[in-house]
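Novice: Pasting the sequence and the predicted model now:
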Amino acid sequence: MKAVIFDDERTIRKVMEKILKKEGLDVETYESGAEAVNIINSKKPEIVFLDISLQDANGLEILKSIVTLESRPYVVMISGHDEYNYLIEAMKLGAFDYIPKPFDINKIRSVVKEIKDILSTKTVSDSSEVDIIGKSPSMKEVFKIVGRASASNQPVLITGESGTGKEVIAKLIHSYSNRSDKPFVPINCAAIPSGLIESELFGYERGAFTGADRSRQGKFQVADGGTIFLDEISELPLEAQGKLLRVLQEMEVTPVGSTKSIKVDVRVIAATNKNLVKLVAEDKFREDLFYRLSVIEINLPPLRERKEDIPDLIELFTKQALKIHGLKKGGFTREAVNFLMDYEFPGNIRELKNLVNKLIAIYRERPITPDLIQLQVKGDKTSFSNWRENIRKEVSEMFTKGKKNIYTKIVEDVEKVVIEEVLKYTKGNISEASKYLGIHRNTVHKKIEELNISKGRE
């Protein structure tokens, strides 16, 4: 099995060559990408590792040419860019995977193993500005599927808890698709009275019912050539589900009161926060419609499972709020961001955005600190992570990073917090603090010096 590497950094080439040879691959490396397509056509490797930003060539342009080759290899894009748009574009153009720098060696090995498995089982893989942030591993997987979905016209089903950003992802798919210059038409199925769903989706003719004094196009006709987004699809009545299934099968609609069918060309993206498989089992959702809608499935993780994205989301929403309110400065302190990292966000991204907007609107240019957040966050302290879990997390991170003296460091940090807080309540009175702490006042003095503790007089 052969692999070729195109990267203008010598160290990267050497490291990757060493990794791949240990995986049993024959490896050739190249600094230039100018002749990449010719080299690939000549060498016919099974895998190509391609830098997205070569000094003399654009990796994405090379990828466009590679995927047209009769004997196309599996292309793994490698890049120092961490922005999601590069990842989506690469996956849309047909990349097998996308590995950011600095490399995770296990990720490279995993990709090689996956390709080996595919080849050994003779499996063939043919594979506008949107407000979204996501550098967490779970969101990178979502963006990969978005990229693949963007290159297809197949229906997409987006699932996830309320507030996870399902419509944002639907818009993202549309904006990267070949329909991006055509309409994106969202419709909330739960917000339409059951008696009006058919006329809302498929339109109606004049005189079709009382009050229909003129003909009207339905949402499918409005979205012709583009994308229709059916949010809360689980709320669609069974009768309407049957008519929607026919539209998806035939790609034609029949307005209410008409006997004439109208051809439409619409890409359908549906979303739900409910378990459609369970609803199918309960005969509350049509099984055939479920399979028709879920050709491509995207499950959005709740915010509590992608907390590493919270700081970037706060920055994004803060910039938006400052612009809305015409403010030149303002925002969250580092302590406030850390404070929100411990919050579970039952309302997900929607709750975070609402919280940021509310705090900026109330406090404007004043720095937003944890105490200001507590006044606005609903619920009790159980919404925040258990302090013991935070210590476990800290120990795990220190161990992973190879830190030494973990016990001493953790104990000192805890001691400092406890003594500082008690001194704050006693207004710096060490004798009184020692009584609450249960340690001798001389020990309190010693700890203040050793740990550089504030006496809390302020």
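Specialist: Perfect, I can see it now.
Novice: Tell me how far the closest residue to Asp309 other than its chain neighbours lies from Gln320.
Specialist: What sits nearest to Asp309 in space, not counting adjacent residues and going by C-beta to C-beta, 6 or more residues apart in numbering, is Ser136, at 5.0 Å. Bear in mind the C-beta positions are built from the backbone N, C-alpha and C, glycine included. Ser136 sits 21 Å away from Gln320 when distances are taken as C-beta to C-beta, to the nearest Å.
Novice: for Gly195, same thing?
Specialist: Computed with C-beta to C-beta, the distance linking Gly195 and Gln320 is 38 Å.
Novice: Next, the distance between the ends of stretch 281-299.
Specialist: Between the opening and closing residues of stretch 281-299 we find a distance of 20 Å, counting by C-alpha to C-alpha, to the nearest Å.
Novice: Between Gly195 and Gln320, point out the one with more neighbours.
Specialist: Comparing Gly195 with Gln320 by neighbour count (other C-beta atoms under 10 Å), the higher total belongs to Gln320, at 15 against 9.
Novice: State the pLDDT value of the more buried one.
Specialist: The score at Gln320 is 89. That number is its pLDDT.
Novice: So what's the residue count around the residue nearest to Arg10 when sequence neighbours are not counted?
Specialist: Closest residue in space to Arg10, ignoring its immediate chain neighbours: Glu31 at 7.4 Å, by C-beta to C-beta, 6+ apart. Summarising burial for Glu31: neighbours were counted as other C-beta under 10 Å, giving 16.
Novice: Quick one: residues contacting Glu31.
Specialist: Glu31 sits next to 7-8, 10, 13 when contact means C-beta atoms under 8 Å, 6 or more residues apart in numbering.
Novice: Can you lay out the residues you listed as TSV showing neighbour count and pLDDT?
Specialist: Rendered in TSV, the data for the contacts of Glu31 read as follows (neighbours: other C-beta atoms under 10 Å; pLDDT from 0 to 100):
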residue	neighbour count	pLDDT
Asp7	25	93
Asp8	16	89
Arg10	10	91
Arg13	20	91
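Novice: Over to Lys404. Which of the three states is it?
Specialist: With DSSP: H, G, I helix; E, B strand; the rest coil as the basis, the three-state label of Lys404 is coil.
Novice: so how many other residues sit close to it?
Specialist: Residues lying near Lys404 (other C-beta under 10 Å) number 7.
Novice: which SS state does Leu230 fall under?
Specialist: Under three-state DSSP, the three-state class of Leu230 is strand.
Novice: typo on my end, Glu61
Specialist: Reduced to three states by three-state DSSP, Glu61 is helix.
Novice: let's number from 54 now, not from 1
Specialist: Happy to do that; since the first residue is 54 now, the last one works out to Glu114.
Novice: Now do it: how many residues are near it, please.
Specialist: Neighbour count for Glu114, taken as other C-beta under 10 Å: 14.
Novice: Okay, it and Gln108: tell me how far apart.
Specialist: 14 Å.
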